[in-house]
Structures are given as C-alpha cells and as structure tokens.
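Chemist: Just the structure for this:
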Amino acid sequence: MRLGCTLMLALILAGCSTFKPQTPMPGSGSWEDYQRRALALETWALDGKIGIRTGQDSHSARLQWQQRPGDYRILISGPLGQGGALIEGSDQGVIIDVAGEGRYRASSPEGLLQELLGWSFPVQQATYWVRGLPAPGLPYSPGFRENRLETLEQGGWLIHYSGYSQQGDPGLPERIRLRRADLTITVIIKDWELSSATESQSKPL
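Modeler: All right, here's what the predicted structure looks like:
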C-alpha cells in the first residue's frame, strides 16, 4: 500500500468531473499569450508540497520535479515512505527507486505502473498540466478565469487551479488540485525555476 501511495504521489494523479467551459477574455495577458510562453518552457524545476487523500487515508510529502527536453527527475521525500521515491525517466525508459521497497525499470512509466499497480497514468500529459496547460493530442474541456485555466477536464481527469504566481513570465500555477473518484491530490508549489528565462519565482507556503 505504501508503494502504491508513493507512486501515485510521484506521478500526480487527477480525477474526473463535469463543468461548463467558459471562454477566455481577449486582450493583454491573453490565454493565447500565456500558452505561447508556458509552452516555450522546456527546461524547468519546481519545489513544493504534495498531499494525497483517499476515502481511507491521507499523506503529505515534499515534491521536487526537474524537467528537461528528453528527461525528467521527480523526487518525493518526507513522512510518506520514510524516504519516499525517486523517478528518473528519459526516451530510453524509466527507473523508480522506492525507499525500502526496491528499484524498478521499464520502457515507459505507464507500463511500469501497469505492471506494479494494475493501472496506468499519462505521465507525459502531467508535464503540461502542472504548467497550467492542456496536453496536446487529447480532447479537453477548459474553464477560464482571468485568461488562465481554472479547471481542465482531459483524458478522464479533472484539474482545478486555485492560484497562479504574480511573479515571472508567465506566472505559473502555485496551487493545483487533481481528482479522480475518491482520490484527491493537492500540489502547492513553493518555487519555480525557469532555466529558459534564467529566473525563478517563489512564494512561502
């Protein structure tokens, strides 16, 4: 059970619901401008906290995610798992080290999750969701507030954005809630590091 919760946290699951899409307002700081700038960020890192709540239990941990073109590194550390998990992926495959559990390899994170837990999660899409963007190649239903995503339904998942940074260009999400059935994942981002813009933005929890 601890392995399952750790991997769910590390790969940031979300959930399904329905809502009425809204249309973003045109003008300065438009949704189109935000999309262009956020999509241009191919190298970035975030540092924050992540919490998971199910119908039976809840956990929290520190989240550190480094993303570069072609590879990524996600570290979960803190009370959950007494050491957490390290996920490292690239075009050649993925390696997951779980403290006290072992080391696992696969050609894709989706395949490894399916093998270990019996379900699959679109990790690649999450690299867009965390930046406040819909993932390419899948239909989606957005809800907007002030030309930013407030809700996003895509691939059976529901993502709710309740806060964006007022610093940096663009101001990226700071608080994200992701839901599916009785599972709720909350991500609070304390710091973004944007290598392509040679800047970082932070806000205390």
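Chemist: Show me the shaky parts of the protein.
Modeler: Counting by pLDDT under 70, the ranges of the chain that qualify are 1-28, 79-83, 113-121, 196-205.
Chemist: what about the helices in it?
Modeler: 2-11, 31-39, 109-117, 123-129 (DSSP state H).
Chemist: Can you tell me what sits against the shortest one?
Modeler: Identification of contacts with helix 123-129 by C-beta atoms under 8 Å, 6 or more residues apart in numbering yields 11-12, 14, 67, 72, 89, 109-110, 134-136, 138, 152, 154-155, 157, 159, 176, 178. Every residue, glycine included, has its C-beta placed from N, CA and C.
Chemist: Could you give the separation of it from the chain centroid?
Modeler: 6 Å (C-alpha atoms, centre = their mean, to the nearest Å).
Chemist: got the CA positions of it in PDB?
Modeler: What follows is helix 123-129, C-alpha atoms only, in PDB (Å, rounded to 0.1, in the frame of the first residue of the first chain):
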ATOM      1  CA  VAL A 123       3.000  11.000 -17.100                       C
ATOM      2  CA  GLN A 124       3.800  12.900 -20.200                       C
ATOM      3  CA  GLN A 125       0.500  14.800 -20.000                       C
ATOM      4  CA  ALA A 126       1.300  15.800 -16.400                       C
ATOM      5  CA  THR A 127       4.200  17.800 -17.600                       C
ATOM      6  CA  TYR A 128       1.700  20.100 -19.300                       C
ATOM      7  CA  TRP A 129      -0.900  20.100 -16.600                       C
END
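Chemist: Off-centre distance for stretch 175-189?
Modeler: 9 Å.
Chemist: Phi and psi next, for the residue positioned nearest the centre of the chain.
Modeler: Note on the chain: the residue nearest the mean C-alpha position is residue 130, at 4.0 Å, using C-alpha atoms, centre = their mean. The phi/psi pair for residue 130 (degrees, to the nearest 10) reads phi -70, psi -20.
Chemist: shouldn't it be in contact with residue 173?
Modeler: Yes. Contact between residue 130 and residue 173 holds when scored by C-beta atoms under 8 Å: they sit 6.9 Å apart.
Chemist: the strands in the chain, which residues?
Modeler: Counting by DSSP state E, the chain has strands at residues 44-53, 58-68, 71-77, 85-90, 93-98, 102-106, 140-145, 148-154, 157-164, 173-180, 183-194, 199-202.
Chemist: Mind putting the ones you listed into a markdown table with mean neighbour count and distance to residue 36?
Modeler: Converted to a markdown table, the strands of the chain look like this (neighbours: other C-beta atoms under 10 Å; distance: least, C-beta to C-beta, whole Å):
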| stretch | mean neighbour count | distance to residue 36 |
| --- | --- | --- |
| strand 44-53 | 19 | 15 |
| strand 58-68 | 18 | 18 |
| strand 71-77 | 19 | 22 |
| strand 85-90 | 19 | 26 |
| strand 93-98 | 19 | 30 |
| strand 102-106 | 12 | 34 |
| strand 140-145 | 16 | 16 |
| strand 148-154 | 21 | 14 |
| strand 157-164 | 20 | 16 |
| strand 173-180 | 20 | 17 |
| strand 183-194 | 20 | 14 |
| strand 199-202 | 16 | 17 |
